[in-house]
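Participant: Sequence and computational prediction follow.
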Amino acid sequence: MNADFFQGYKGEALELLKKYNVRVWGQAEIDTTRGQFKGTVLPRSENDDNKHIVVKVITGYNIGVDVSTITKMKETGYKKANYAIPEKEFPTTPNLPNVKLFGTGGTIASRLDYRTGAVIPAFSPGELYGAVPELADICNLNTEKVFAVFSENMGPSQYMALAKAIGKEIEKGIDGIVIGHGTDTLHHTAAALTFMVQNSPVPIVLVGSQRSSDRPSSDAALNLMHAMNAAGNGDIAEVMICMFGPTSDDYGLLHKGTRVRKMHSSYRSTFRTIGDTPLAMVNRYSVTPIKKDYKPRRKDKNVQILPFFETKVAMLYYWPGIQPDALDSLIDSGYKGIIIIGTGLGHVNKELYPAIERAKEKGVMLFMTLQTLWGYVNMFVYDTGRDLMAKGIIPLGNMLPEVAWVKLGWVMGQTTDPEKVKEMMLTPINDEITEREPYNGYIVLQGGVPEVEEFIKKVRK
Ligand code: ASP
């Protein structure tokens, strides 16, 4: 068989494909010592080794089958896929808002490269228009690829670069900003941009997708349309995340950048507002605020770009039986501030006390947040809380742990004066600490449950 049939496969993997006459793009049944896999054999990507055959299984996921486990393979069909996106010129319509889309990478920017089998970014306006022509009814679009990374590779220097790029666009008079981003750390970036881009005159909407556009169940197109609508036509000028509301594709939700978290590894409705209700519901045609006290779009607002970050800040997730060395090693590595993620109302075990005292002596600032995510740190209720506060740990109310880490990095990038750091940490910029959680926030308005849907129908009218 011609080498083209095995696109890029080498070594043991190639031997096996040849032995059983299974081609790339062939539908295959692969028997292994771990059970049978059925799916389409994909071309080998640049990053794959010779020890796996990559198969797109029925759910749409790509999995690597370890060649050492394969006992038999059979080709049952053959269909060459073409995932190329046609480029079409994005039309400009005079009365539509101008939106800037910054690409950073992630699944939303991805399609399967039929040549290499790798998931690669596709982000030009032409490609987006080719893939989602409805976007042209919502806004005029300009795109810029700032990064092309999966979101585990986003971090402080990327946050600062993004904040500066957003500032430039706002100065030029853009009507709204959308940022395409991997979902895994979308909420970290949303928090960072909330602190780094303040008093924005226009909406700043972060959007991702859980499933890439080559999968039938992809949420990429709908999320993009919702995000473009929120950015171009919506009235909420805050840093927000826009993703699926319920598990169905009925509507999207806008979540405040400081109160949101990825809560499910694979559901499309993975982002949830924590400790509050989401900001708004969104579809292709409208944005319906749920919270009334949002920061509105206003042309006369002067944006402030504050791109600061001290990277020597850490998070420590408490585990039962934790020993002082866990904290000591952070102190000894020169960390200046540490967010502890404690149990219940904000507790850690007594064995950690010596390390906590050492942190205080060395001027390392410690803050308390919660593993429960919902609710407030309250260190007055139990002795442990009182002990910890006496040792200098500062409770952070209902600030989410990741938000606290981002904020501490941002604050310590500007000052190391402990009193100033404490004051800035405890002064909310956009609801990272709220006075109270709404009584219904814990379950209601998160979508997907019948009684919640009923409630939402009432709000939507
Ligand atoms: N791993 C990907 C990322 O966060 C997942 C996604 O985009 O949804 O970049």
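Facilitator: Nice, I can see it.

Participant: Smallest distance to the ligand belongs to which residue of the stretch 101-250 of the chain?
Facilitator: At 1.9 Å from the ligand, Gly182 is the closest residue in the stretch 101-250 of the chain, using Cβ to the nearest ligand atom. In short, each C-beta sits where N, CA and C put it, glycine included.

Participant: Can you give me the neighbour number for Arg259?
Facilitator: 28 (other Cβ atoms under 10 Å).

Participant: What of the one 5 residues further on?
Facilitator: The local packing count at His264 equals 13, with neighbours defined by other Cβ under 10 Å.

Participant: who's in contact with it?
Facilitator: Thr270 (Cβ atoms under 8 Å, 6 or more residues apart in numbering).

Participant: before we move on, what SS does it have?
Facilitator: In three-state terms, and counting by DSSP: H, G, I helix; E, B strand; the rest coil, His264 is coil.

Participant: cool, Thr277 as well?
Facilitator: Per three-state DSSP, Thr277 ends up coil.

Participant: That one and Lys292 touch, don't they?
Facilitator: No - here Thr277 does not reach Lys292: they are 10.8 Å apart, not a contact under Cβ atoms under 8 Å.

Participant: Looking at the two, which one has more neighbours?
Facilitator: Of the pair Thr277 and Lys292, Thr277 is the one with more neighbours under other Cβ under 10 Å, namely 21 against 5.

Participant: Quick check, pLDDT for the residue of the stretch 101-250 of the chain closest to the ligand.
Facilitator: You'll see Gly182 listed with a pLDDT of 92.

Participant: Now it. Its backbone dihedrals?
Facilitator: Dihedral angles of Gly182 (phi, psi; degrees, to the nearest 10) stand at phi -60, psi 150.

Participant: who touches the nearest residue to Ser213 once chain neighbours are set aside in this structure?
Facilitator: Closest residue to Ser213 apart from its sequence neighbours, by Cβ to Cβ, 6 or more residues apart in numbering: Ala220 at 4.5 Å. Listed by Cβ under 8 Å, 6+ apart, the contact partners of Ala220 are Thr107, Ile108, Ser209, Arg211, Ser212, Ser213.

Participant: if I look at Ala220, how far off is Arg261?
Facilitator: When distance is defined by Cβ to Cβ, to the nearest Å, Ala220 is 21 Å away from Arg261.

Participant: go on, Gly77?
Facilitator: Gly77 is 42 Å from Arg261, by Cβ to Cβ.

Participant: And Ile331, by the same measure?
Facilitator: When Ile331 is compared with Arg261 (using Cβ to Cβ), they lie 28 Å apart.

Participant: Repeat that for Ala28.
Facilitator: According to Cβ to Cβ, Ala28 and Arg261 sit 39 Å apart.

Participant: Pro307 too?
Facilitator: 24 Å.

Participant: Neighbour count: those two, which is higher?
Facilitator: The residue with more neighbours, out of Pro307 and Arg261, is Arg261; 22 against 19, by other Cβ under 10 Å.

Participant: And what about the more buried one, helix, strand or coil?
Facilitator: Strictly by three-state DSSP, Arg261 counts as strand.

Participant: in the sheet, who's paired with it?
Facilitator: Per DSSP bridges, the residues bridged to Arg261 are Arg272.

Participant: Go ahead and confirm it touches Thr185.
Facilitator: No - assessed by Cβ under 8 Å, Arg261 is found out of contact with Thr185, at 10.9 Å.

Participant: so what's the backbone phi/psi at the residue nearest to Pro354 when sequence neighbours are not counted?
Facilitator: In this structure, Pro354 finds its nearest non-sequential neighbour in Pro324, 5.2 Å apart by Cβ to Cβ, 6+ apart. Here is the backbone geometry of Pro324 (degrees, to the nearest 10): phi -60, psi -20.
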